[in-house]
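# Let me see the structure of the following:
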Amino acid sequence: MKKMLSAQMATTCLIIAVVIFDVMKRDSTVAVAAELLSLAVAMAFMIKFWVLKKQNDKVFMINARDLSITWSDNPEYWSWIPLPNEKPNEEVVEAALLDQVCWLDVSGKFDTKDLSLGITYEVIFVVKLEDEAYGWDWAPVKLKLVVPSGSETPQEQSVSFVEHIGKQWLDISAGEFIMSKESVGEISFSLYEHEANMWKSGLIVKGVVIRSKHQL
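Below is the predicted model:
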């Protein structure tokens with residue numbers, strides 16, 4: 001999509017250059033004014049098109065409260081912390097802070113009915129690890145994505161959290177899929193670690209983002 005828009009912008013710039021060159025060759029002040037007015041209208045239209053195109057990209061955020069987090073209702077294992085608002089009057093969002101667990105399991109579901117056909121979407125877990133986070137060097141965290149289409153096997157991968165301790169928010173992909181008629185329904189996704197049987201702490205889960213893979 002980026003290549004397509006870049007080509008459109010290059011074409012527009014070429015057209016603008018040709019029009020300006022043609023205008024400069026004319027002697028009529030009225031003709032020059034008319035040409036420049038038409039050029040301004042065309043440029044405004046193209047800018048509006050690009051802005052609207054960017055705003056129409058669909059991004060869906062599933063907050064941590066709407067995910068299924070094992071033992072998240074037990075304050076011995078998980079705490080809920082408010083996150084600073086990114087915009088004025090924005091609803092306060094809570095993130096899940098892992099105090100300590102051996103069995104890590106964060107999962108959720110999403111109905112794809114509002115997604116656009118033919119677009120590739122990715123499922124992203126948004127997480128962060130505190131400076132004092134521990135227990136992540138025993139085994140990697142696993143991610144899984146299951147789409148409605150029965151012909152596709154679940155997507156699974158492993159990610160090491162150790163190198164991300166004390167850093168900024170991390171986008172971790174659970175997988176991606178091309179939206180089709182066969183993909184209409186619920187997708188399910190999860191982030192988990194069940195094998196190490198070691199205490200883990202310091203993970204902050206903000207939520208899950210479903211977005212088109214090629215953002216403007």
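# ok, Glu195 to Ser68 distance?
Distance of Glu195 to Ser68, computed by Cβ to Cβ, to the nearest Å: 20 Å. Quick note: C-beta positions are derived from backbone N, CA and C, even for glycine.
# ah, wrong one, I meant Trp80
Distance from Trp80 to Ser68, by Cβ to Cβ: 15 Å.
# which residue packs closest to Pro148, ignoring adjacent ones?
Gly185 (3.4 Å; Cβ to Cβ, 6 or more residues apart in numbering).
# neighbours of the one you found, just the number please.
13 (other Cβ atoms under 10 Å).
# Same question for Val147.
26.
# now Val101
22.
# thought it was touching Asn197?
No - if you go by Cβ atoms under 8 Å, Val101 and Asn197 don't touch, sitting 10.8 Å apart.
# Could you chop the chain up by domain?
2-55, 59-212 (automatic domain parsing).
# will you turn these into CSV that also has mean pLDDT?
Below are the domains of the chain laid out as CSV (pLDDT from 0 to 100):
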stretch, mean pLDDT
domain 2-55, 47
domain 59-212, 93
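# from these, which stretch is densest packed?
domain 59-212 (a mean of 16; mean count of other Cβ atoms under 10 Å).
# Quote the end-to-end distance of that one.
7 Å (Cα to Cα, to the nearest Å).
# Do a quick rundown of the helices in this structure.
Assigned by DSSP state H, the helices in the chain fall at 2-24, 29-55.
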